[in-house]
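Novice: below is the structure, and that's it, no one-letter string:
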């Protein structure tokens, strides 16, 4: 039995951060919401959440299957890795308003156990503005993570000159850190206000690599403004999950 309100048994994916940032003015709100509603219906019809929000191919409902992480080598922690991911937040239903203000009032949620069965994992948060070793934690961690990846990569690329067991161990560590550990480290500004778009800590983000396939009955809840409720029932008559209004 869950006794803590600050976690949820369902994790939510909101779909509108790009448009919320792009269309910030009140007179753009109706157009923005129309575009977000169309995006939500498309996701529910295709039964797939595309990494980055953009389909990688024109075939509806087809998801990629390979873990993809780009290593940029940039000095900023937030830009050091570019993983192909779908994100979810662990926020109780009654507290999603502050999140919706940053990402838009359209989204869908899944049962936590369902997502765990599909390899979804929480990120490790790092306060970039914390003081550590006379510097900021974000800079220190970015430098050390970059050093580790570059060092292991150099050993792997020189494997012909290395003992086989050494190059194999370096390659294994390189792959693990690059694909399954470092991209799960997410920086945030601990001194920022709760409403600051760069304060990610309260999202309690979970991630899965690449696109995420699901069946319509896997969707536990849909979020949208109340004025779209009738249209949702017409556009998706086979959806029988919960609907929560965010206005």
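Specialist: Perfect, I can see it now. For clarity, every value in this text was computed on a predicted model and none was experimentally measured.
Novice: by contact count, what packs against the helix or strand residue 232 falls within?
Specialist: Using DSSP states H and E, residue 232 sits within helix 229-235. Here helix 229-235 is seen to pack against helix 29-46, strand 242-245 when contacts are counted using 3 or more Cβ pairs under 8 Å, 6 or more residues apart in numbering; DSSP states H and E. The way it works is simple: take the backbone N, C-alpha and C, and place the C-beta from them, glycine included.
Novice: check the offset of the lowest-mean-pLDDT helix or strand in the chain from the chain's centre.
Specialist: When each helix and strand of the chain is scored by mean pLDDT, DSSP states H and E, helix 17-22 comes last, with a mean of 81. Averaged C-alpha coordinates place helix 17-22 at 15 Å from its chain's average position (Cα atoms, centre = their mean, to the nearest Å).
Novice: that helix: which residues count as buried?
Specialist: For helix 17-22, burial by neighbour count (16 or more other Cβ atoms under 10 Å) applies to 19, 20.
Novice: by contact count, what packs against that helix?
Specialist: Contacting helix 17-22 under the criterion 3+ Cβ pairs under 8 Å, 6+ apart are the following elements: helix 29-46, helix 97-103.
Novice: note down every partner strand of the helix or strand following the last one and its orientation.
Specialist: What that stands for is helix 97-103. Reading on from helix 97-103 to the C-terminus, the next helix or strand found by DSSP H and E is strand 107-111. With DSSP bridges as the criterion, the sheet partners recorded for strand 107-111 are strand 10-14 (antiparallel), strand 219-224 (antiparallel).
Novice: for the residue nearest to residue 20 when sequence neighbours are not counted, grab the count of nearby residues.
Specialist: Of all residues not flanking residue 20 in the chain, residue 104 sits nearest, at 4.9 Å (Cβ to Cβ, 6 or more residues apart in numbering). As a burial measure, the neighbour count of residue 104 was computed by other Cβ atoms under 10 Å and equals 27.
Novice: kindly list the longest helix within this structure.
Specialist: Using DSSP state H to assign secondary structure, the helix with the most residues in the chain is helix 137-157.
Novice: quick check: buried residues in the next helix or strand after that helix?
Specialist: Moving toward the C-terminus from helix 137-157, the first helix or strand encountered (DSSP H and E) is helix 164-176. Within helix 164-176, the residues that count as buried by 16+ other Cβ under 10 Å are 167, 170, 171, 173, 174.
Novice: can you give me the angle helix 164-176 makes with helix 137-157?
Specialist: Here helix 164-176 runs at an angle of 140 degrees relative to helix 137-157 (axes from the mean of the first three to the mean of the last three Cα atoms, to 10 degrees).
Novice: contacts for the next helix or strand after helix 164-176?
Specialist: Heading C-terminal from helix 164-176, the first helix or strand you meet, by DSSP H and E, is strand 185-188. Taking contacts as Cβ atoms under 8 Å, 6 or more residues apart in numbering, the residues outside strand 185-188 that touch it are 77-78, 123-128, 138, 141, 145, 198-201, 205.
Novice: and the pLDDT for residue 54?
Specialist: The predicted local distance difference test score for residue 54 is 61.
Novice: what do you get for residue 152?
Specialist: As predicted, residue 152 sits at a pLDDT of 93.
Novice: returning to that earlier point: now the helices and strands packed on helix 17-22 in CSV, with distance to residue 219, mean neighbour count and mean pLDDT?
Specialist: Conversion of the helices and strands packed on helix 17-22 to CSV gives the following (distance: least, Cβ to Cβ, whole Å; neighbours: other Cβ atoms under 10 Å; pLDDT from 0 to 100):
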stretch, distance to residue 219, mean neighbour count, mean pLDDT
helix 29-46, 7, 17, 93
helix 97-103, 17, 17, 85
